[in-house]
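Q: Provided below for reference: sequence and predicted model.
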Amino acid sequence: MRAWTELFRVSALFSVPGDALAGAAAVGRSPGRGTALAIGASLCLYEAGMALNDWADREEDAVDRPHRPIPSGRISPSAALGAAGALTATGLALAARAGRPALAVATGLAATVWAYDLHLKHTKAGPAAMAAARSLDLLLGATATATATSTAYAGTGPGPRATRPMRLGAVPPTGPDNVARAAATTGSLLAALPAALVLGAHTYGVTAVSRHEAQGGSTAVPLAVLATTTALAAAVLATQQRQRPGEPATPGLATTAPGSSYRPHHHPHHPAAPAMPDLGAPLPGTYRPSHHPHHPAPPAMPDLGAPPPGTYRPHHHPHHPHHPHRPTAPALTPLLLTAFTGAYLRTAGPPLLHAALNPSPPLTQRAVGGGIRAMIPLQAALAARAGAPGSGLAVMALVPLARSLARKVSPT
């Protein structure tokens with residue numbers, strides 16, 4: 001069992017669920033059945049890539065890392081290859097249960113993983129392939145979540161449909177099933193694309209550093225990746241600061257909620273819609289007493305809800321604010337976003353700096369491990385930026401588990 005945990009690098013598994021949760025947040029949906037299926041598919045495809053990676057590198061690892069499970073003889077090459085194939089099939093089967101669009105994205109993800117491990121890893125396209133795989137993983141979560149939600153809303157049959165709650169700014173699709181699914185797929189991919197690119201850029205940097213973890217010797221790469229990490233953190237925070245009050249947190253999704261900046265435009269040749277009647281006004285012909293200036297008005301009715309005389313009522317001074325209310329979720333979101341982004345920098349930054357100052361194999365491997373663990377707070381920050389602080393907190397709950405398990409099983 002110990003050999004399989006090393007082969008699968010189980011401590012790195014905790015960087016996977018956040019992809020689907022960040023993808024669901026990017027399309028303005030609450031996590032549901034489609035999100036769970038996407039997480040299961042991602043975990044299977046991720047572990048398939050780990051097993052296939054060691055199978056493909058078995059001859060190289062026999063020289064550079066003979067302690068790995070395959071070179072040491074604890075796991076046979078055929079068993080590792082068989083596990084990779086079985087996990088890939090399981091991941092695609094789970095994605096298929098989330099719908100055809102999710103299966104299409106998962107197929108592209110699986111093809112990218114196999115192409116990287118078998119050929120692209122040792123080419124200049126290697127980091128780009130890994131970045132594409134991580135971006136596709138986030139898009140898989142977005143597509144699976146949006147498709148499942150659209151299926152719940154779509155259809156012409158009678159009767160109510162149970163649906164997952166949708167956050168403000170997420171518009172449920174309408175129309176026949178195929179139209180709703182197509183619209184949901186296209187919209188989810190576009191809405192989740194910025195977050196996918198951010199996560200892919202981070203993965204590109206981690207992969208670029210990992211190409212030197214066996215021999216070390218590179219100073220420029222860790223420095224460049226450190227600069228990229230800082231730029232990504234600034235971009236995540238800057239995106240939140242540019243949002244105006246009332247705008248949806250998710251790109252590409254509109255809302256007309258109270259406080260929104262949207263105002264209907266009335267064309268000069270198109271008459272405006274009739275105004276809604278004042279439902280509180282009296283009906284025509286209703287008697288309304290007129291108060292003559294020389295006849296006093298009737299006494300006002302007593303306030304039956306007022307406390308009796310002598311009851312203590314706290315006095316709020318105009319210059320003394322009321323007791324502060326408990327912060328609401330929208331008020332906490334910027335704070336959580338800042339905290340998650342800071343955790344991302346703290347996790348990825350120092351190991352990269354140490355590897356740049358001393359590019360030895362141990363410090364380079366530590367920088368790679370820090371980059372893998374830093375994906376978790378980055379995913380949490382992306383979820384919080386999209387208006388899902390609860391999903392961000394759920395992702396951050398995986399950090400102590402990943403840290404404790406990394407002490408026993410190396411993520412690289």
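A: Everything's here; your move.
Q: make it CA atoms for all contacts and neighbour counts henceforth
A: Fine.
Q: Residues in contact with the host helix or strand of Leu223: which ones?
A: Applying DSSP states H and E as the criterion places Leu223 in helix 220-242. Helix 220-242 has contacts (CA atoms under 8 Å, 6 or more residues apart in numbering) with 198, 202, 205-206, 208-209, 249, 334, 337-338, 341, 344-345, 348-349, 352-353, 355-356, 381-382, 385.
Q: Which of the three states applies to the nearest residue to Ala208 once chain neighbours are set aside?
A: In this structure, Ala208 finds its nearest non-sequential neighbour in Pro127, 5.8 Å apart by CA to CA, 6 or more residues apart in numbering. What DSSP: H, G, I helix; E, B strand; the rest coil gives for Pro127 is helix.
Q: Am I right that Pro127 is in contact with His202?
A: No. Counting by CA atoms under 8 Å, Pro127 sits too far from His202 to count as a contact (10.2 Å).
Q: quick one: which of the contacts of helix 220-242 sit in strands?
A: Judged by DSSP state E, the contacts of helix 220-242 include no members of strands.
Q: Only whichever of those are buried, select them in ChimeraX.
A: Entered in ChimeraX, the line below selects the buried ones among the contacts of helix 220-242, by 16 or more other CA atoms under 10 Å:
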select :198,202,205,206,208,209,249,334,337,338,341,344,345,348,349,352,353,355,356,381,382,385
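Q: Point out the ones among the contacts of helix 220-242 that are inside helices.
A: Members of those lying in helices (criterion: DSSP state H): 198, 202, 205-206, 208-209, 334, 337-338, 341, 344-345, 348-349, 352-353, 355-356, 381-382, 385.
Q: Would you mark the buried spots in the helix holding Leu223?
A: Buried residues in helix 220-242 (16+ other CA under 10 Å): 221-223, 225-226, 228-229, 232-233, 236-237, 240.
Q: Same check on stretch 124-144?
A: Buried residues in stretch 124-144, counted by 16+ other CA under 10 Å: 126-144.
Q: Check stretch 355-370 too.
A: Under 16+ other CA under 10 Å, the buried positions of stretch 355-370 are 355-356, 358-361, 363-370.
Q: Also stretch 86-95?
A: Buried, per 16+ other CA under 10 Å, within stretch 86-95: 87-95.
Q: any chance of the residues you listed in TSV, plus secondary structure and distance to Gly73?
A: Below are these laid out as TSV (DSSP: H, G, I helix; E, B strand; the rest coil; distance: CA to CA, whole Å):
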residue	secondary structure	distance to Gly73
Leu87	helix	22
Thr88	helix	24
Ala89	helix	26
Thr90	helix	26
Gly91	helix	27
Leu92	helix	30
Ala93	helix	31
Leu94	helix	32
Ala95	helix	34
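Q: so which of the residues you listed comes closest to Ser404?
A: Leu87 (25.4 Å; CA to CA).
Q: how close does the closest one get to Tyr46?
A: 9 Å (CA to CA, to the nearest Å).
Q: Tell me how many other residues surround Ser78.
A: When neighbours are counted by other CA atoms under 10 Å, Ser78 registers 11.
Q: Sticking with it, tell me its helix or strand.
A: Applying DSSP H and E, one finds Ser78 within helix 77-97.
Q: Give me the helices and strands touching that helix, please.
A: helix 33-56, helix 100-118 (3 or more CA pairs under 8 Å, 6 or more residues apart in numbering; DSSP states H and E).
Q: Tell me which of those helices is the most buried.
A: helix 33-56 (a mean of 25; mean count of other CA atoms under 10 Å).
Q: The lowest-mean-pLDDT helix or strand in the chain: which residues count as buried?
A: Here the helix or strand of the chain ranked lowest by mean pLDDT, DSSP states H and E is helix 177-210, holding a mean of 85. By neighbour count on 16+ other CA under 10 Å, the buried set for helix 177-210 is 177, 180-181, 183-185, 187-193, 195-210.
Q: so where's the protein shaky on pLDDT?
A: Under the criterion pLDDT under 70, the flagged ranges of the chain are 149-184, 239-330.
Q: ok, now with 90
A: 1-2, 11, 64-65, 147-189, 211-218, 238-333, 402-412 (pLDDT under 90).
Q: What sits closest to Ala132 if chain neighbours are left out?
A: Gly200 (6.2 Å).
Q: between the least confident helix or strand of the chain and helix 100-118, how many degrees?
A: 20 degrees (axes from the mean of the first three to the mean of the last three CA atoms, to 10 degrees).
Q: packing partners for helix 177-210?
A: helix 17-26, helix 126-153, helix 220-242, helix 361-385.
Q: Relative to Ala80, which of those is closest?
A: Ala80 sits nearest to helix 126-153 of all the helices and strands packed on helix 177-210, at 20.5 Å, using CA to CA.
Q: relative to helix 17-26, how tilted is the closest one?
A: 50 degrees.
Q: and helix 126-153, what other elements does it pack with?
A: When contacts are defined as 3+ CA pairs under 8 Å, 6+ apart, helix 126-153 packs onto helix 17-26, helix 33-56, helix 100-118, helix 177-210.
Q: Compute the inter-axis angle for that helix and helix 77-97.
A: Using the same axes, to 10 degrees: helix 126-153 against helix 77-97 is 40 degrees.
Q: Contacts only, for Gly349.
A: Applying CA under 8 Å, 6+ apart, the residues contacting Gly349 are 226, 229.
Q: no, scratch that, I was asking about Thr185
A: 101, 143, 146-147.
Q: Now do the same contact list for Ile376.
A: 14-15, 18, 344, 395-396, 398-399.
Q: any idea how far Ala111 is from Leu118?
A: Separation of Leu118 from Ala111 (CA to CA): 11 Å.
Q: Perfect, that will be all.
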